[in-house]
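> Here's my sequence, what's the structure:
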Amino acid sequence: MSGTIFNITVESGHENDLLDIIGSSTSDVVFGWFLMRPYDRNKDLFGVALFESKEAYTTTVNGYEQHDVFTNIVEHLLEEPIWTDGEYNAWQMV
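Numbers count the residues shown, from 1 in each chain. A predicted model of the protein is given here:
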């Protein structure tokens, strides 16, 4: 399983619009995603995206559809997201 962990700084008053964009985007190869708002609301949001494979991740992030989604997301951010891409070595959901 591959994916990315990211943090984003959302413009004040834009969080609901951002959530609408993220929630409406779909992909056949995305295993799942999470977006966390820290209890300290002055901190950035943190996200995790899970893909079935590195190939699925690479194909998705380099695709035209994802570019359009990303362009819409960035309109609600103060700066570019910070990404950490990689392979998940262990995980469990209960």
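> What about Val48? Give its phi and psi, please.
phi -140, psi 130 (degrees, to the nearest 10).
> State the number of residues packed around the nearest residue to it once chain neighbours are set aside.
Spatial nearest neighbour of Val48, excluding adjacent residues (Cβ to Cβ, 6 or more residues apart in numbering): Phe34 at 4.7 Å. C-betas here are computed from N, CA, C, even on glycine. Neighbours of Phe34 under the rule other Cβ atoms under 10 Å: 10.
> Quick check: the gap between Phe34 and Arg41.
18 Å (Cβ to Cβ, to the nearest Å).
> just Val69 next, same as before
Applying Cβ to Cβ to Val69 and Arg41 gives a distance of 25 Å.
> got the CA coordinates for stretch 33-40 in CSV?
What follows is stretch 33-40, C-alpha atoms only, in CSV (Å, rounded to 0.1, in the frame of the first residue of the first chain):
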residue,chain,number,x,y,z
TRP,A,33,-8.2,8.9,3.0
PHE,A,34,-8.4,10.8,6.3
LEU,A,35,-8.3,14.5,7.2
MET,A,36,-7.6,15.6,10.7
ARG,A,37,-8.2,18.9,12.4
PRO,A,38,-5.9,19.2,15.5
TYR,A,39,-7.5,20.2,18.7
ASP,A,40,-5.3,23.3,18.6
